[in-house]
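S.K.: show me the folded form of this:
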Amino acid sequence: MPEQCSILSDEFLAEVQGMPQRNLAVELLQKLLKGELTARRRRNVVQARSFAEMLEQTLRRYRSRAIEAAQVIEELIQLARDLREG
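M.R.: Next up is the predicted model:
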């Protein structure tokens, strides 16, 4: 699945993780993951729903300031890796 390899590659995720603008990195990861989930929903609704719930839970904790930007970036990157492998 080429679109997953290019967008969610380890190299790209490392670049995003190294961005000095943490809020921008969070927004970018959020948009990419939501797009990937939309594509995945066509193939596997149950799996896409599970990943969507994890994404929303992480973002909710970030918005409520329960976790810092660096932590949410780590979690979103891990979610991207899980999504790529799943």
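S.K.: give me the low-pLDDT residue ranges for the chain?
M.R.: 1-6 (pLDDT under 70).
S.K.: okay, buried residues for the lengthiest helix in the chain please.
M.R.: Longest among the helix segments of the chain by residue count, using DSSP state H, is helix 22-43. Taking 16 or more other C-beta atoms under 10 Å as the basis for neighbour counts, the residues of helix 22-43 that come out buried are 25-26, 28-30, 32-33, 36-37, 40. Where C-beta positions appear, they are placed from N, C-alpha and C, glycine not excepted.
S.K.: okay, the residues you listed in a markdown table with distance to Ser64 next?
M.R.: As requested, these are arranged in a markdown table below (distance: C-beta to C-beta, whole Å):
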| residue | distance to Ser64 |
| --- | --- |
| Ala25 | 19 |
| Val26 | 14 |
| Leu28 | 21 |
| Leu29 | 18 |
| Gln30 | 15 |
| Leu32 | 22 |
| Leu33 | 19 |
| Glu36 | 24 |
| Leu37 | 22 |
| Arg40 | 27 |
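S.K.: distance from the chain centre to the longest helix of the chain, please.
M.R.: A distance of 5 Å separates the centroid of the chain from that of helix 22-43, by C-alpha atoms, centre = their mean, to the nearest Å.
S.K.: could you do stretch 58-69 as well?
M.R.: Taking the mean of its C-alpha atoms, stretch 58-69 sits 14 Å from the chain's own mean (C-alpha atoms, centre = their mean).
S.K.: now what about that stretch, what contacts it?
M.R.: Under the criterion C-beta atoms under 8 Å, 6 or more residues apart in numbering, residues 22-23, 25-26, 30, 71-72, 75-76, 79 lie in contact with stretch 58-69.
S.K.: and which of the residues you listed is nearest to Leu13?
M.R.: Set against Leu13, the nearest of those by C-beta to C-beta is Leu76 (8.9 Å).
S.K.: now the strand or helix carrying the closest one: buried residues?
M.R.: Using DSSP states H and E, the secondary-structure element containing Leu76 is helix 69-85. Of the residues in helix 69-85, those buried by neighbour count under the rule 16+ other C-beta under 10 Å are 72-73, 75-77, 79-80, 83-84.
S.K.: many thanks, have a good one.
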